[in-house]
Every structure is written in C-alpha cells, then in structure tokens.
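*Asks:* turn this into a model:
(2 chains)
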Amino acid sequence: MKKCKPFEKQLVAYIHGELSGTQAHALEAHLQACAACRAELAARRATLDLLGHALENAPAPERIAARHRLPVRATRRERLAEAWYSPQFRAGLVTAAAFSLFLFLSFSFVMVTVIQKEEKAFSASFKTDDADQARPRLEAKKLQMPAGSADAPQPKPQLRQRVVAKSPKSEFAEIPMPSPAPILDAGMAAASGASAGALGRGLLQQTDYFGVQKQAVPEFNTEQYDRIVDNTFKTALENPLSTFSIDVDRAAYANVRRFLANNQLPPPDAVRIEEMVNYFTYDYPQPQGGDPFIVSTELADCPWNPAYQLALIGIQGVRIETKNLPPNNLVFLLDVSGSMDSPDKLPLLKSALRLLVNELRPQDRVGIVVYAGAAGCVLEPTSDKTRVLEAIDRLSAGGSTAGGAGIELAYKKAQESFIKKGNNRVILATDGDFNVGVSSDGALTRLVEEKRKSGIFLTVLGFGTGNLKDSRMEKLADKGNGNYAYIDDILEAKKVLVSEMGGTLVTIAKDVKVQVEFNPAQVKAYRLVGYENRLLAKEDFNDDTKDAGELGAGHTVTALYEIIPAGSDEPVPVAGALKYQRTKLNKSGELMTVNLRYKQPNSDVSKLISQAVSADDCESIEATGNLRFASSVAEFGLLLRGSEFKGSASYGAVIERAKESKGADSEGYRAEFIRLVEKAQLLDSAP
Amino acid sequence: MEHYQPALLRYAARVLNNADAAQDVVQETFIRLHSHWDELAQRGFQLKGWLFRTTHNAAVDSIRKESRRRLLHERQSQEAEPFAQDGGPSGPDERQDLVMRHLNALKAKEREVLVLRLQEGMSYQEIAAVIHKSEGYVGTLIHTATKKLSQSLRQAGVVS
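*Replies:* Predicted coordinates for the structure are as follows:
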C-alpha cells in the first residue's frame, strides 16, 4: 500500500493527460499490478465525469443583469444593518479588530498600504464631489464598497438604503435606474474606443437573472462533446491565409439525426457543421488522369446574409470499384462491455458487421479482438467468411471496458497479418466508455499516434446513446489517421460500411490540408463555416510533419466560406493600423486561390495543387446546385447551434432551398434531411 | 469580449458559490479591462487568459471582503445547510444537485481549479497562469480536490 502513494497522487493528472510519457508509462505499469489503484482511478474518473456533467447543467447567470444589482445589494445591506445591532456581530467585530491588530503588528507595512487603499476608495464612495467622472473604476467602487466594508459600517447610508430595499422587487423594472448605476453608465459611455459600446451593452443588457433556460434532460446523460466556438470573420488584409485540415467524418449528422428522432434538439456542441455538410455527396466533376482527387469551386450570394457571398470548395476523391480495391487486412476491435448491452449497440453492431463481412472478397482478411473486463482475441485474422460470421454471432455483452489494452492487442494482430500495399486497418466499435485501466485521453491518443507510424489506419464506429464519448472518439480517429462514423441504425451502417466502403476503408490521400489565400483587393473579410476543430496554423500548411485529415476513395469534402466583398460597408473587426508597414495590393480580379497539399497514402512527401477563383464567377444561388444544397445544410447547422452568424437564417428558407436542390437523390438522404429540418422547426418553435 | 461573458460568469458563480457576487466580480473585470485597455493593447496580451486572471483576482478580493462578514454567519449557515443524507439520490437532477452541493463544500480554491479544468477545459499550465501559481501546485490542488470530492460522493453512495 505504501508504494501506491506517489502513484495515487498522479491519478487525476493521468486522467487529464497531464503526465509526461515516462510518468504515464510508470503509472500504467503500476496500474496493471495494483487493483486498488485501478479501483481508485475508476472512482476518480467517475467523480470527474459526474462533476463535469453537473457543472454543465448547473444554472449560472448568462449576462450581467443590471436591474438585478441594486435590490440585491440593498438586501445585503439590510442584513448587515440588522446584524449591526445584534450581539454576535459586535462580538465578531471585536474578534475582527483583535485579528486586525495582530495582523497590523505582524505585517505593518502591508497593512498600511491596504488601509490607505481602502480609505481612499471609501472616501470616494461617499464624497460625490470628489468622484472623478472620467474613471469608471472609482465609480464601480462606489457601487461595491458599502456592501463589502463590514469592518466600518456606517449606519446612516445603510438606513437610507433600507428604504430602497423595502420597495417591492417588481417596481425596479419600472422606475428609472437608481442613482449609482446611471453614473456608471455615463462613465462607460464617456470613455471612447470601439470596445465601449460592446462593453456597455454587455453590462446593462436587461436580461433575466439566470437567463439560461435549463435544457430538459430526460435521463441521466453522460455524453461528452467538446465545446465549439464559431469561427469569426477575419479581414483579408491582415489574415489573407485561411488554413485547415479536411474532415471527412460525418458522425455529427447521424448524431443530430438521433437527437431529432427522439424529439430533442441536439446540444449546440454536438453540431459540427462541416460534418453535416460532408454527410452528403455532391455532384462534383470526377478526377482525370492519375490525380487522386479534383478541386472545384462555386460562388454565390449568401442566402442568410444578402451583404455576403458564399464560396464553396469541393474536393472529389477518385472512385475505386470494389473489385479494384487493394486487399483488406481488417482487425475489428469490439467493445463488448456491459454498457454495450442495449439493442442500439451490440446487436446493431453485429448486424452492421455481417453486412460488411458479406462484401469482403477472398483476398481480404478479418480478425476480431474484443475488450471488456480483459482484452482477448476471439478470431485470429482469417479469410474464411463463415468463421468470421460465426465469431460475430457468438459475441455477447458483459463486464467493464478496458479500451487501452484492447487497442494494443488489435494493433498487434493487424501488424502480424500486415498486407503490403493493402488496406491495413483497425476498426474500433464502441460507445466510447473506456472506464477501467489504461484509458486517460492523453495516453490513448499517444498510443494511437504511435501506431499510426506503422501504416495501420483506424476507423472508429460510434454506437448508442446516453453515454457517447463523442469528443474522445473523434480525437482518436483524428490522431490515428482515420475516420469516425456514428451508427444510429442499420441503414446508416449500410451507408458507411457497404455503399461507401471504399471511402470508409480505403485512403487515397492522407494529410490533406487546404490553404485559401484571399485577395484583399476583392475580399474585405471572410469566415470559414465549421471546421472549428480542424484549423491549422498557416505555417503548418507546408510542414509535412503536421498531421491532417485523410481522404477516402469516392469521398467528397466540402468547405464553405462567408465572404464580405471589398467595398462593402459591413463592419468587420480590425486591429489597429500598422505604423511601419504598408501593404501594396496586386490589382487582380481574382477573389482567392485555393491551395491543397496531400500525400499519397504510402508517402511522406506532400504534393501541392493550386486553383484560383475569379470574383466574376459569382452566380445567383439558383444557378449552383451543389452550393444551393450545401448552403441549406450549413444554414440548418447555424440554426441548431444558435450561431451568432446565422443572420436571417430560417428553417423555412432551409427547407425551400433543400427541396429545390434535392436532385435525383437516389438513396433518399436528402429527402430525409428535409424531414429532419421540418422536425427541428417544430421542436424549436415549441414553448 | 462579450463572447467571454457567460464563461466568466459561470466560472465566478462557481468559485464564489453566489450568482450575485459573480456578476459584481465579472463587472469589475470588464471595468478593469476597459480602464486598462490602451495599456494592454499596446503591450499585446492574450485576452482570454487576461480576463480569467483578472476575474480570479477580483474573486479573491471579493472572498476576502466577504470572509470577514461570514465570520458571524458561519455557524448559522453550517446548521442551515445540512446535506440530505436520508435515502440516496434517486433522479438525475437530484444526483447533479448532490454533486454540486458536495462541490460547494470544498474550499473556493479547490472549486476554482476543478471548474477551470472541467468547465473551461484549461490545461494545468493555463490554470497556473490564471491563479498565479506553479503547475505543480495546480496538479496537487486538483488531486486533493478530486480526492475529497470522490470520497464524499462515495459516502453519499453516488460513486461506487
């Protein structure tokens, strides 16, 4: 037990991925051997999960409510005034005084400073004549001091405030703001600078206290999503380069669909707009010659803001016929822990796998590793379909999860049956709840990153509800040169694993990065819609060591930019003018240049593709089929996220545009989208 | 800037365990930002870090002031807010309330680091910059806070 102590102190840091590699390895070794520490790790993780969730749902003020301020303070003062006459308070004062005396003797210098400070502020708070109107800070002290200065209560002002406090609360809404607040307001307004307006608005906005309406949570829910903060507008003059990694995941759309199917609006952080847009395939030209993909662009007026334009960048990966696909070496890593024991998890997973296995060819190999209480290999890699199907049938759920050991074993099996020039891949299917053993986010990602170098790719399939660790699964797939799909029903399984098997399982280009250079002569500002967690530094574009997204066979990737054209009066955030530099603009009619870097799946050196877009290419939205549908999906995303950039977006407009641009829609996905929007519209308008 | 307001309010509300005081503290932060704007802009600064650091400072001030007043209220409040021990937590809302109550039983500085980590997703390094302490100190504080919380939740039967 004694030797546990140093490790026990590291458990939380380990969960938070804050240990160094060596520390983490040492701790993991200890955990393997020590059941007590494993239990403790699980308890701490559960505590942190519960707390994280409770914090998320706990009410907190959204805005500083101006009208709320005075009555509250008066109430406090009232309490204080009452206390002043109580014997306890006087006794407390004596204690406090004695304590101060002690402090005074011990730290006389410090105290002198503090007292001077307090006196200064205090006198400022009552001698209005002395107040310096140009310094809002002092005005604020005026608001705050009486409440805080319990050590020197002044009966007179307190009594006056009591009268204020006694007027009923509702009156404060009607009567003009009582004295100190307007002074503050004036102070704020008098001060110049672009920030003053925004600041004043923020401070004095009349919102309800606890303005947030708590979302109804039907059952205890520990799903995790990373917070998304919308990209903002960047000026083309100061930030001409916009760099991001492609994202071919579509999990967010299936997840949003699942929420809506349960008559719930999804939480904003579950809505990754780029994944919603990329869920659909678009009608882009096919690549010619030997290129793995082709880039196309469209430009039109922005439907949710008439002052803007909307640019689309579409990437079409080359299609590969199933028979021409390289041989597959797939190791399924299946979560069969107790948490998977639900009809939408393991049984759905088994049906999905049967679909995939039936598509496989004689040259393909499949192995199965399961993990629960302990990780184990249930099927050594084989090409015998019947044996695979039998193994799938035998799977049943039970035990708790040890994802870390499972991943190790799966990669080991994939390595053993590695096919050169083949598609070597671990397919992880889970609800993402790794709750025992090696499972700190940091350690898992490190592990997956390490395995990436061996040429084995990773596909993550998410299942189930209520416990989905969306953020962790996306991160894993991202680090493991892989993709992440969320399977909510058997149709989605068919789409991901059969119809788009090439895209899901075969990588045609890796580390695909996009860098768009905007021409300040034509573009005042731009905003990338979505891709918030895929942004790269501009230097990363030419840095081949920086990881980025993978493109699968037949995949399309779509990105949208909102563009404020040069010459528009739209206000954009600008940093101060530069003193020493002057930018000379090239007189070019080009709006932007799209640069793409990618690597062949087996190469470490990137290639560059460039394509310019002319400002004259702007068409009316009716003329652009792909952009019309993509924009309706993006607009839907902005609405679901309640984005500050939604402009005049409306469900009605989304539905109308989606209907017009539905096209052939042979698989019915677009029709389904329209039904989803209609449902969201109803849910959103419900009280 | 307004963008950070809800986050700062959430943070302050949790640390101070008082929504009103949180509004005062965040207001103070924005006022400080405003009055030092030119100086800060000239020097170049990380807005988010600066805002959280200043809110932390203002919250510390507020706690110091309040603590004197609290001396006399302490006995009453301890009697007034006993934890509901009878029965266990039954619904999800009650469970969350219980977790929050146990969180609020921790020291303010312990609550603070947990909130910065779990609510704001900051790294230990970022937290250290906000509370003017070393990374090691942050690690230890988060460790003790989680341990305490884990133990009290275990006693309450929420965590097995």
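
*Asks:* count the neighbours of the closest residue to A:Gly52 other than its chain neighbours for me.
*Replies:* Leaving aside its chain neighbours, A:Gly52 sits nearest to B:Leu118 (4.3 Å; criterion: Cβ to Cβ, 6 or more residues apart in numbering or on different chains). For every residue, glycine as well, the C-beta is placed using N, CA and C. Using other Cβ atoms under 10 Å in any protein chain shown, the number of residues around B:Leu118 comes to 21.

*Asks:* after the one helix or strand in chain B whose mean pLDDT sits lowest comes which helix or strand?
*Replies:* Taking mean pLDDT, DSSP states H and E as the measure, helix B:47-80 is the helix or strand of chain B with the lowest mean score, a mean of 71. For helix B:47-80, the following helix or strand on the C-terminal side (DSSP states H and E) is helix B:92-104.

*Asks:* can that next one be found next to chain A?
*Replies:* Yes: residues of helix B:92-104 contacting chain A under Cβ under 8 Å from any Cβ of the partner chain: B:Pro92, B:Asp93, B:Arg95, B:Gln96, B:Asp97, B:Val99, B:Met100, B:Leu103.

*Asks:* following that helix, which helix or strand comes up?
*Replies:* Defined by DSSP H and E, the subsequent element after helix B:92-104 is helix B:108-118.

*Asks:* the helix or strand that that following helix is followed by: which residues count as buried?
*Replies:* Once the chain leaves helix B:108-118, the next helix or strand it forms, by DSSP H and E, is helix B:124-131. Using 16 or more other Cβ atoms under 10 Å in any protein chain shown as the test for burial, helix B:124-131 gives B:Tyr124, B:Glu126, B:Ile127, B:Ala128, B:Ala129, B:Val130, B:Ile131.

*Asks:* swap in stretch A:264-274?
*Replies:* Those buried within stretch A:264-274 under the rule 16+ other Cβ under 10 Å are A:Leu265, A:Pro266, A:Pro267, A:Asp269, A:Ala270, A:Val271, A:Arg272, A:Ile273, A:Glu274.

*Asks:* quick one: which of these is nearest chain B?
*Replies:* The nearest member of the buried residues of stretch A:264-274 to chain B, counting by Cβ to the nearest Cβ, is A:Asp269 at 11.2 Å.

*Asks:* ok, and the closest non-adjacent residue to that closest one?
*Replies:* Closest to A:Asp269 by Cβ to Cβ, 6+ apart is A:Tyr225, at 3.9 Å.

*Asks:* next: B:Leu9.
*Replies:* A:Pro61 (4.8 Å).

*Asks:* can I get the buried residues of helix B:124-131 in JSON lines including pLDDT and distance to chain A?
*Replies:* What follows is the buried residues of helix B:124-131, written out as JSON lines (pLDDT from 0 to 100; distance: Cβ to the nearest Cβ, whole Å):
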{"residue": "B:Tyr124", "pLDDT": "89", "distance to chain A": "5"}
{"residue": "B:Glu126", "pLDDT": "87", "distance to chain A": "11"}
{"residue": "B:Ile127", "pLDDT": "91", "distance to chain A": "10"}
{"residue": "B:Ala128", "pLDDT": "89", "distance to chain A": "11"}
{"residue": "B:Ala129", "pLDDT": "87", "distance to chain A": "15"}
{"residue": "B:Val130", "pLDDT": "88", "distance to chain A": "15"}
{"residue": "B:Ile131", "pLDDT": "87", "distance to chain A": "16"}
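
*Asks:* distance of the residue nearest to A:Asp269 relative to chain B?
*Replies:* Using Cβ to the nearest Cβ, to the nearest Å, A:Tyr225 is found at 11 Å from chain B.

*Asks:* try A:Glu667
*Replies:* Counting by Cβ to the nearest Cβ, the gap from A:Glu667 to chain B is 38 Å.

*Asks:* which one (most neighbours) among the residues of helix B:92-104 next to chain A?
*Replies:* Busiest of the residues of helix B:92-104 next to chain A [other Cβ under 10 Å] is B:Val99, holding 26 neighbours.

*Asks:* mind listing what it touches?
*Replies:* Residues near B:Val99 by Cβ atoms under 8 Å, 6 or more residues apart in numbering or on different chains: A:Leu50, A:Leu51, A:Ala54, B:Leu153, B:Val158.

*Asks:* for A:Asn602, same thing?
*Replies:* Counting by Cβ under 8 Å, 6+ apart, A:Asn602 has contacts A:Lys421, A:Gly455.

*Asks:* could you look up the SS state of it?
*Replies:* State at A:Asn602, reduced to three classes by DSSP: H, G, I helix; E, B strand; the rest coil: coil.

*Asks:* out of the buried residues of stretch A:264-274, list just those in helices.
*Replies:* A:Ile273, A:Glu274 (DSSP state H).

*Asks:* just to be sure, A:Asn329 is in a strand?
*Replies:* Yes: assignment of A:Asn329 by three-state DSSP places it within a strand.

*Asks:* Serialize the contacts of B:Val99 to TSV and add fields for neighbour count.
*Replies:* As requested, those are arranged in TSV below (neighbours: other Cβ atoms under 10 Å in any protein chain shown):
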residue	neighbour count
A:Leu50	23
A:Leu51	26
A:Ala54	21
B:Leu153	23
B:Val158	20
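
*Asks:* out of those residues, which comes closest to A:Gln10?
*Replies:* Using Cβ to Cβ, A:Leu51 is the member of those that lies nearest A:Gln10, at 19.1 Å.

*Asks:* just to check, that closest one is in contact with B:Leu103?
*Replies:* Yes: taking contacts as Cβ atoms under 8 Å, A:Leu51 lies within contact range of B:Leu103: 6.4 Å.

*Asks:* so what sits against both of these two?
*Replies:* Common neighbours of A:Leu51 and B:Leu103 (Cβ under 8 Å, 6+ apart) are B:Leu114, B:Leu149.

*Asks:* how about A:Lys345, what does it touch?
*Replies:* So A:Lys345 contacts A:Ser339, A:Ala397, A:Asp431, A:Phe463, A:Gly464 (Cβ under 8 Å, 6+ apart).

*Asks:* related to what we said a few turns ago, wait, doesn't the residue nearest to A:Asp269 sit right on A:Ser471?
*Replies:* Yes: contact criterion Cβ under 8 Å: A:Tyr225 and A:Ser471 qualify, at 5.7 Å.

*Asks:* element containing A:Thr386, please.
*Replies:* helix A:385-394.

*Asks:* what packs against that helix?
*Replies:* helix A:346-359, strand A:365-371, strand A:375-382 (3 or more Cβ pairs under 8 Å, 6 or more residues apart in numbering or on different chains; DSSP states H and E).

*Asks:* nearest to chain B, of these?
*Replies:* strand A:365-371 (20.9 Å).

*Asks:* wait, what's in contact with residue 13?
*Replies:* I'll assume chain A. Contacts of A:Ala13 (Cβ under 8 Å, 6+ apart): A:Leu19, B:Tyr124, B:Gly139, B:Ile142, B:His143.

*Asks:* ah, I was thinking of chain B
*Replies:* So B:Ala13 contacts A:Ala60, A:Pro61, B:Ala19, B:Ala22 (Cβ under 8 Å, 6+ apart).
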